[in-house]
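Chemist: Pasting a predicted model and its sequence here:
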Amino acid sequence: GAVVSQHPSRVICKSGTSVKIECRSLDFQATTMFWYRQFPKQSLMLMATSNEGSKATYEQGVEKDKFLINHASLTLSTLTVTSAHPEDSSFYICSANDNGGGETQYFGPGTRLLVL
Amino acid sequence: AQSVTQLGSHVSVSEGALVLLRCNYSSSVPPYLFWYVQYPNQGLQLLLKYTSAATLVKGINGFEAEFKKSETSFHLTKPSAHMSDAAEYFCAVSSGGTSYGKLTFGQGTILTVHP
């Protein structure tokens, strides 16, 4: 149980285009999901908290207009990187709290984004 | 505010030797503490967690960690390393209140296991 999937696993795009990443909780409902960014050889940095049915909460320094988050259902959150630039290239990982499980977060397998 | 410090970005051990990965935390409220493992190009897998119950926590794959409030530590250990343990390990802290559910990660420790 407690499986989180992400799609796509890897994406290459041209500079200026937008990319959408999906995060799904497969066998549980998640009111709250989290989006992290991980640069090579670095730790995970929380970007934003995605709340089902309401606006996402962004961490300081994260541009909300560039990283659009939508959490339309209890099993799906999407992150859209708008007008991507090479510096947006990174490993994006989502996680979800099981509504009935409290404090544990379950992580997706990550999405590798490369912007050319 | 909460923070995590992992001492040692790289740890190398021989197969069969003791594994010790260090983690110290800072939190203004009683914390929840976690250890995650990450294999290359993959997400994070939960090894174990401390949530104010027993201070010695046993996790998967033979790992365990002990919460020591007086030392603000949560070190991860395994009595005998296996080649398959080679990966990157992250310690994380979560606090309640307005930060409920938010994880703050340490810098990570890469574990190398050699024959």
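Modeler: Sure, I can see it. Just so you know, these numbers come straight off a predicted model, no measurement behind them.
Chemist: got the end-to-end distance for stretch B:89-107?
Modeler: End-to-end distance for stretch B:89-107: 9 Å, by CA to CA, to the nearest Å.
Chemist: does the helix or strand of chain A with the lowest mean pLDDT come close to chain B?
Modeler: When the helices and strands of chain A are scored by mean pLDDT, DSSP states H and E, strand A:105-107 comes last with a mean of 88. Yes - using CB under 8 Å from any CB of the partner chain, strand A:105-107 reaches chain B at A:105-107. For every residue, glycine as well, the C-beta is placed using N, CA and C.
Chemist: Pull out the buried residues from that strand.
Modeler: A:105-107 (16 or more other CB atoms under 10 Å in any protein chain shown).
Chemist: Strand partners (parallel or antiparallel) of it?
Modeler: As defined by DSSP bridges, the strand partners of strand A:105-107 come to strand A:90-97 (antiparallel).
Chemist: For the partner strand, list the C-alpha coordinates in CSV.
Modeler: Taking Å, rounded to 0.1, in the frame of the first residue of the first chain, the C-alpha atoms of strand A:90-97 are listed here in CSV:
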residue,chain,number,x,y,z
SER,A,90,16.3,19.3,-12.0
PHE,A,91,14.8,16.2,-10.4
TYR,A,92,11.2,16.9,-9.2
ILE,A,93,9.8,14.6,-6.6
CYS,A,94,6.3,14.7,-5.1
SER,A,95,5.1,13.1,-1.9
ALA,A,96,1.7,12.6,-0.3
ASN,A,97,0.3,12.2,3.2
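Chemist: what's it in contact with?
Modeler: Residues outside strand A:90-97 that contact it (CB atoms under 8 Å, 6 or more residues apart in numbering or on different chains): A:4, A:6, A:21, A:23, A:25, A:28, A:30-40, A:44, A:77, A:79, A:103-108, A:110-113, B:41, B:43-44, B:101, B:103.
Chemist: For chain A, list the residues in contact with chain B, please.
Modeler: A:4, A:6, A:32, A:34, A:42-46, A:49, A:91, A:93, A:95, A:97, A:102-110, A:112.
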